[in-house]
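Quick one: sequence and predicted model below, then my questions.
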There are 2 protein chains.
Amino acid sequence: MNQKIGIGLLGLGTVGTGVANIINSPEGRNPLVARIKIARIAVRDAKKIRSIKVDPSIVTSDPFEVVNDPNVEIVVEAIGGIEPAKSLIMLAIKSGKSVVTANKAVVARYGKEISDAANKAGVYVLIEAAVGGGIPIIEPIKQSLGGNRIKKITGIINGTTNYILSEMAKGGAKYQDVLNDAQKLGYAEADPSADVDGDDAADKIAILSGLAYGGSIDRECIPTKGISKLESKDINCARELGYEVKLLAVAEYIENKKRENHLHSLALRVEPTLLPKDHPLSSVNGVNNAILIEGDPIGEVMFYGPGAGAGPTASAVVADILNIVGIKLMQKEGENSLDPLLSGFSWRNCILANTREISQKNYLRLITEDTPGVIGKIGNILGKHQVSIESIVQLDSNNAKAEIIVITHKVSKGQINDSLQEIENMKEVLKLAAQLGCL
Amino acid sequence: MNQKIGIGLLGLGTVGTGVANIINSPEGRNPLVARIKIARIAVRDAKKIRSIKVDPSIVTSDPFEVVNDPNVEIVVEAIGGIEPAKSLIMLAIKSGKSVVTANKAVVARYGKEISDAANKAGVYVLIEAAVGGGIPIIEPIKQSLGGNRIKKITGIINGTTNYILSEMAKGGAKYQDVLNDAQKLGYAEADPSADVDGDDAADKIAILSGLAYGGSIDRECIPTKGISKLESKDINCARELGYEVKLLAVAEYIENKKRENHLHSLALRVEPTLLPKDHPLSSVNGVNNAILIEGDPIGEVMFYGPGAGAGPTASAVVADILNIVGIKLMQKEGENSLDPLLSGFSWRNCILANTREISQKNYLRLITEDTPGVIGKIGNILGKHQVSIESIVQLDSNNAKAEIIVITHKVSKGQINDSLQEIENMKEVLKLAAQLGCL
């Protein structure tokens, strides 16, 4: 009944290790995580010392062995690159196994072939981690926006270039200098061309628009311009004119009535683009990603978060695994059973903390008599209750009254309330005019 | 085989009409939309004239008749309020019918009773529209973040109060004046108390944290403070100190090692809160909503969009319907069939537009000789190709060279490329130094 579902992990690099870390520590996560076990792992070098403990008996250097292992029900491809990744994915599908992959290059180029094979074999190939790192974007497009006609997708979907552009904008530094720094910090690869030339972003917008518009996209036809020729002068000029420069990937639906049969077409492109400063994407900085989707009737929604990294990518891979596991469990339990992921049952008791235990910064405004020493007395009372002060400001006084604004560091509501009781009892304090939380 | 799945619509107000509009115009939406039909509708006043055409034979003024109708497989509750909404939801569940509802008041108070009954009956009760309007947030928490331990949820989840606070921050206007305007504009109810006192936000954070932390939340115990006593003075002071004031709903996981059994507790609260200006939520203005979720290992992700309105809410309701329809179709088609919503198949041909057809604004930087009349000549060429100019700026010249920056209005790449060919042929133009897109 409670038999675990076996995962075959292809690759134990950054992403694979992140996935294994989640599966090996299910406490506090969705209880379906505890229904998965890693049945087999393929690594390139079985002797390499790793940060993660794995049972050596499940490790092999032959990835095809993992796919063929009868204990493996779901194959997680975390190798990257075109081959052997693509062949392994196709073999898994043909063996009737669902696949989870973060491999945008394979999906952008062979998505149709893969999805046709998967539909024929009755298995899923899920790709949440292929775009936007940890940001839930593939499932929302597939499952949450289906009632919409998608009009436009505008994305910052390459963290490396967004980091470089953010740094260029900040310091007026040159492209090459920032790239060198980014490589030292691990934000850019030794060969950065796939990122800086826009090809990675083109892979990802091909995938997003294929899903949003319901048809496969000819990846090679996407006009793509990178950032390697961008001068910091243009970033600075743009800023003076009220714009930020970002590498955008855009897919736009064009209704062309001139065409026969009212054929619809998509305008796709990847290029450095000026965004007005009040545009929701203009404040997306560093290695973060964000995708803005415009649909009818939803209007504009944006998804924002970390576009890469072991943790975020592993989060997305595990999301896909759980989606498949939910359906597998439903099917195993037979008629009238529910997908546990969709039905959303309770799995632990939630106890609300006593209000006095809640910790945060506080904003206080006090109206006091305009006499010397008031700030000192207030400071003393706060100090007595271990409330440390971030800033304290006295506003201009009039009518012999003064207004004092205090912003505290993070303290418990208990501490702040006890302090305030004493402060309000001070004869110089006329009123606690405002008490607000502060992040 | 292609029999449609019947929906029973309770209520034909803003949300109900929005849902009917989507179902009645499936073209260009996910093909599953075409697999739904509205089988029965309950309205309060059957004689009311409506913006939407409905077959009078399916309309009734008795909502229980809709729930009991054998042609209704999924009940969409769009009445609002506690009763009779709750009884109708419970009746639908007992009749073995899945339910989709936007009713945060019912779900926040009776979520556990409802979900226990639904799990027992083997039906779904989906609530995407109950929080964040159109923003996909419920499904992402349930289906995309399951690998994470959720550490904190911070939300701007009430559009009315966010509109009021944005207006107060903009103009320094008083609460009561802005509220009056908001009521005239339809952004606030005649009785605004549920919004301005924070109760609506408390309902929603109860729902979000129940799902994220896996247990039901005692709604009545959430410390809740609204904005009705907020003075514009504090908003102004906060801004001077580098903060924005927002009505935040916060749920934070506290690991309390002092407690026996290492019990975990949640710190929940709704209150006006200062946010540093660089916080991702601080720029969320107007009736928009945004929810920031911090998890391990994902880090921070944010979901942003319209928090209310017919279109966004209907988009969320239809998303839930499609989720149920996907599973129903899978189950009807028997073994080894796929959930069509999750499997993501192609359903139309996507044709990429010719690059020359892509329309957008353009940023151009030209290096020219520093001679009079150059700007005029450039302007003439652009005009000849119907490229209208948003701004044209000449930078300081040196070495007898000038730099000219042009931002055009929205034009096709064809027009801009033709213009640039002529401009680059001008003897005064030394170089097209930059050509970037612009939103």
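Nice, thanks for sending it over. Residues are numbered from 1 along each chain as shown, chains lettered A, B, ... in the order given.

Cross-check the contact I'm expecting between A:Leu342 and B:Ile141.
No: A:Leu342 lies out of contact with B:Ile141 (C-beta atoms under 8 Å); the separation is 11.9 Å. All C-beta atoms are positioned from the backbone trio N, CA, C, and that covers glycine.

Neighbour count: the two, which is higher?
Counting neighbours by other C-beta atoms under 10 Å in any protein chain shown for A:Leu342 and for B:Ile141 shows that B:Ile141 has the greater number, 28 against 22.

Report whether stretch A:349-356 contacts chain B.
Yes: contact of stretch A:349-356 with chain B (C-beta under 8 Å from any C-beta of the partner chain) involves A:Asn349, A:Cys350, A:Ile351, A:Leu352, A:Ala353, A:Thr355.

Can you classify the closest residue to A:Glu300 other than its chain neighbours by secondary structure?
Closest residue to A:Glu300 apart from its sequence neighbours, by C-beta to C-beta, 6 or more residues apart in numbering or on different chains: A:Glu294 at 5.1 Å. Look at A:Glu294: counting by DSSP: H, G, I helix; E, B strand; the rest coil, its state is strand.

which residues of chain A fall in helices?
Remark: helices assigned in chain A by DSSP state H are A:14-23, A:63-68, A:85-94, A:104-121, A:138-139, A:159-171, A:175-185, A:193-196, A:199-213, A:232-240, A:310-333, A:340-343, A:374-384, A:413-425.

Pick the most buried one from those helices.
Among those, helix A:199-213 has the highest mean neighbour count (mean count of other C-beta atoms under 10 Å in any protein chain shown), at a mean of 26.

Buried ones among the residues of stretch A:349-356 next to chain B?
With neighbours counted using 16 or more other C-beta atoms under 10 Å in any protein chain shown, the residues of stretch A:349-356 next to chain B contain these buried positions: A:Cys350, A:Ile351, A:Leu352, A:Ala353, A:Thr355.

what separates the nearest residue to the first one once chain neighbours are set aside from A:Lys142, distance-wise?
Meaning A:Cys350. Closest residue in space to A:Cys350, ignoring its immediate chain neighbours: B:Gly215 at 3.6 Å, by C-beta to C-beta, 6+ apart. Going from B:Gly215 to A:Lys142 by C-beta to C-beta, to the nearest Å gives 28 Å.

who has more neighbours, the two?
Counted by other C-beta under 10 Å, B:Gly215 and A:Lys142 do not tie: A:Lys142 has more neighbours, with 22 against 17.

Give the burial count for the residue lying closest to that one once chain neighbours are set aside, as a bare number.
Once flanking residues are discounted, A:Lys142 sits nearest to B:Gly344: 5.2 Å by C-beta to C-beta, 6+ apart. As a burial measure, B:Gly344 scores 26 neighbours (other C-beta under 10 Å).

where does the stretch 251-400 of chain A have low pLDDT?
Along the stretch 251-400 of chain A, segments meeting pLDDT under 70 span A:256-263.

If we use 50, what do you get?
Flagging of the stretch 251-400 of chain A using pLDDT under 50 yields the residue ranges A:262.

What residues does the nearest residue to A:Ala434 once chain neighbours are set aside make contact with?
In space, A:Ala434 comes closest to A:Arg365 once its chain neighbours are excluded; the distance is 4.1 Å by C-beta to C-beta, 6+ apart. Contact analysis of A:Arg365 by C-beta atoms under 8 Å, 6 or more residues apart in numbering or on different chains lists A:Glu403, A:Ile404, A:Ile405, A:Val406, A:Leu432, A:Ala433, A:Ala434, A:Gln435, B:Lys233, B:Asp234, B:Cys237.

Excluding residues flanking it in the chain, which one is nearest the closest residue to chain B within the stretch 151-300 of chain A?
The minimum distance from the stretch 151-300 of chain A to chain B, using C-beta to the nearest C-beta, falls at A:Pro297 (2.9 Å). Spatial nearest neighbour of A:Pro297, chain neighbours left out: B:Gly311 (2.9 Å); criterion: C-beta to C-beta, 6+ apart.

now swap in A:Trp347 and tell me
Sequence neighbours aside, B:Gly214 is the residue nearest to A:Trp347 in space, at 4.2 Å (criterion: C-beta to C-beta, 6+ apart).

Same question for A:Leu364.
Per C-beta to C-beta, 6+ apart, closest to A:Leu364 is A:Val406, 4.4 Å.

what's across from the one you found in the sheet?
According to DSSP bridges, the partner residues bridging A:Val406 are A:Leu364, A:Ile392.
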